[in-house]
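Asks: pasting a predicted model and its sequence here:
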Amino acid sequence: MALGNPFNVFQYNVLQRMIAQVTGYELGEYIFNIGDCHVYTRHIDNLKIQMEREQFEAPELWINPEVKDFYHFTIDDFKLINYKHGDKLLFEVAV
């Protein structure tokens, strides 16, 4: 949960928004089911710290509305506006 989940939720939400934009469909809800949720023992202390920290408003994700072909998106077509974060916490990756 500490490493993969935040990235995956953001990644698939962005993908959903990109597809909606280029197909002309209205953006729907992002609903997902977690089938294998786990927290590693070595992550517990940092997760407790993270949960006690100040929460920030979610940033706005801007996607260039001019892009109408999925394969024409570039990194410059995405911007996070008003992104705020706390100090870095290191979570060991299991290999």
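Replies: That came in fine, so what should we check first? Worth saying up front: this structure is predicted, and the values here are computed from it rather than measured.

Asks: state the distance from the residue of the chain most remote from its centre to K88.
Replies: Centroid-distance maximum for the chain: T41 at 23.4 Å, with C-alpha atoms, centre = their mean. Here T41 is placed at a distance of 21 Å from K88 (C-beta to C-beta, to the nearest Å). (C-beta placed from N, C-alpha, C; glycine too.)

Asks: can you pull out the strands in this structure?
Replies: 60-63, 78-81 (DSSP state E).

Asks: mean confidence for the first one?
Replies: Put plainly, it is strand 60-63. Mean pLDDT, strand 60-63: 98.

Asks: follow-up on the earlier one: what's the closest of the strands of the chain to T23?
Replies: Of all the strands of the chain, strand 60-63 sits nearest to T23, with 13.5 Å by C-beta to C-beta.

Asks: quick one, what contacts the spatially closest residue to A20 that is not a sequence neighbour?
Replies: Excluding its sequence neighbours, the residue lying closest to A20 (C-beta to C-beta, 6 or more residues apart in numbering) is L27, at 4.4 Å. Contact analysis of L27 by C-beta atoms under 8 Å, 6 or more residues apart in numbering lists Q16, R17, A20.

Asks: how about the helix ranked longest in the chain as PDB, C-alpha atoms only?
Replies: Ranked by residue count and defined by DSSP state H, the top helix of the chain is helix 4-23. Below are the C-alpha coordinates for helix 4-23, written out as PDB (Å, rounded to 0.1, in the frame of the first residue of the first chain):
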ATOM      1  CA  GLY A   4       2.400   0.800  -5.400                       C
ATOM      2  CA  ASN A   5      -1.100   1.900  -4.500                       C
ATOM      3  CA  PRO A   6      -0.600   5.700  -4.600                       C
ATOM      4  CA  PHE A   7       1.200   5.400  -7.900                       C
ATOM      5  CA  ASN A   8      -1.300   3.000  -9.400                       C
ATOM      6  CA  VAL A   9      -4.400   5.100  -8.400                       C
ATOM      7  CA  PHE A  10      -2.900   8.200 -10.000                       C
ATOM      8  CA  GLN A  11      -1.600   6.400 -13.100                       C
ATOM      9  CA  TYR A  12      -5.000   4.800 -13.900                       C
ATOM     10  CA  ASN A  13      -6.900   8.000 -13.200                       C
ATOM     11  CA  VAL A  14      -4.700   9.900 -15.600                       C
ATOM     12  CA  LEU A  15      -5.100   7.100 -18.200                       C
ATOM     13  CA  GLN A  16      -8.900   7.300 -17.800                       C
ATOM     14  CA  ARG A  17      -8.800  11.100 -18.300                       C
ATOM     15  CA  MET A  18      -6.600  10.800 -21.400                       C
ATOM     16  CA  ILE A  19      -9.000   8.200 -23.000                       C
ATOM     17  CA  ALA A  20     -12.100  10.300 -22.200                       C
ATOM     18  CA  GLN A  21     -10.500  13.400 -23.700                       C
ATOM     19  CA  VAL A  22      -9.500  11.800 -27.000                       C
ATOM     20  CA  THR A  23     -12.700   9.800 -27.400                       C
END
